[in-house]
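Q: Below are the sequence and a predicted model; questions follow.
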Amino acid sequence: MIVVTGAGGHLGRLVIGELAARVPAARIVAAARTPDKAAGLGVEVRQADYDRPETIETALRDATKVLLISGIEPQRARQHATVVDAAKRAGATLVYTSAPKADTTEAALAADHKTTEAYIKASGVTYTILRNNWYHENYERAIVTAPQLGAVFGAAGDGRIASASRADYAAATAAVLAGEGHEGKVYELGGDTAWSLAELAAEISRASGKEVAYRDLPEDEYARVLAGAGLPAPMAGIMADVDVNIGRGWLADTPGTLHEIAGRRPQPIGDYVRSLLPA
């Protein structure tokens with residue numbers, strides 16, 4: 001059985017859809033904290049609450065492969081360890097969604113991923129690590145509001161971002177789960193082309209017909225902009241730090257691995273922009 005944790009979320013649901021095109025639905029289990037959120041996927045649903053280890057044990061029974069989609073809670077490194085331990089006891093191969101260059105980057109967002117990767121490697125579980133670059137969808141709000149604001153805001157300077165769509169990452173993840181020969185591998189995944197926030201602003205201008213510029217801000221000022229837009233202050237600081245690290249080249253690499261594993265060209269950022277904005 002292939003067990004997908006976090007199956008009620010955006011990525012989890014997409015992975016299950018991609019998996020169902022590759023393996024029989026009877027081999028797929030959707031594991032979610034709230035099972036109702038994973039309903040309608042056409043596969044077996046089990047409860048898996050990262051804070052209740054007994055539910056993880058039950059969810060992973062008869063698992064041969066387990067997808068651990070990283071959580072978002074403050075205690076996620078501890079929660080991840082619970083799943084790693086359960087996968088090891090089940091004798092399953094663990095596939096983990098991590099962050100780019102998790103073991104070397106200084107980005108605060110990647111700290112828990114670094115901890116989890118180290119725990120996985122020390123646990124003795126058979127593993128594959130998928131270091132997903134940025135998602136196009138992370139910029140959805142910025143894209144749809146930019147024509148009215150006349151600007152895209154950030155603190156990344158000329159840094160470049162090799163993002164891809166959530167669906168692209170789901171396709172690669174499903175290919176790893178359904179395939180063989182990925183054991184012990186750490187894959188850096190991202191789009192085929194990296195772009196700057198100034199180039200994103202230009203794409204928005206072309207798609208919307210309105211003048212949009214990129215406004216590069218100091219880190220602390222950008223954090224205040226994010227907080228003013230409704231992001232909790234601690235997360236606003238983390239996201240501003242992401243931009244600073246983008247400026248240092250954190251998300252710029254384009255190794256082509258996502259394209260190769262998924263077997264398709266990742267969606268370019270311009271296509272994503274045009275999907276959100278009226279012609």
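A: Perfect, I can see it now. Numbers count the residues shown, from 1 in each chain.

Q: going forward, measure contacts between C-alpha atoms and count neighbours the same way
A: OK.

Q: ok, for residue 257, nearest residue in space, not its chain neighbours?
A: Leaving aside its sequence neighbours, residue 257 sits nearest to residue 189 (C-alpha to C-alpha, 6 or more residues apart in numbering; 5.7 Å).

Q: And the pLDDT at the one you found?
A: Looking at residue 189, its pLDDT stands at 98.

Q: What separation is there between it and residue 172?
A: Distance, residue 189 to residue 172, using C-alpha to C-alpha, to the nearest Å: 9 Å.

Q: quick one, which of those two is more surrounded?
A: Each of residue 189 and residue 172 has its neighbours counted (other C-alpha atoms under 10 Å); residue 189 has more, 29 against 23.

Q: could you list every residue that touches the residue nearest the centre of the chain?
A: Here the mean C-alpha position of the chain is nearest to the C-alpha of residue 132 (C-alpha atoms, centre = their mean), at a distance of 5.4 Å. Neighbouring residues of residue 132 by C-alpha atoms under 8 Å, 6 or more residues apart in numbering: 97, 98, 99, 100, 169, 188, 189, 190.

Q: Quickly list what's touching both of residue 189 and residue 172.
A: residue 258.

Q: List the buried residues for stretch 59-77?
A: 59-61, 63-71, 76-77 (16 or more other C-alpha atoms under 10 Å).

Q: Distance across it, terminal residue to terminal residue?
A: Termini of stretch 59-77 sit 19 Å apart (C-alpha to C-alpha).

Q: what is the rounded mean pLDDT of that stretch?
A: If you average the pLDDT values across stretch 59-77, you get 89.

Q: Near the nearest residue to residue 79 once chain neighbours are set aside, how many residues? Count them for me, please.
A: Closest residue to residue 79 apart from its sequence neighbours, by C-alpha to C-alpha, 6+ apart: residue 50 at 5.2 Å. Each residue near residue 50 was counted by other C-alpha under 10 Å, and the total is 22.
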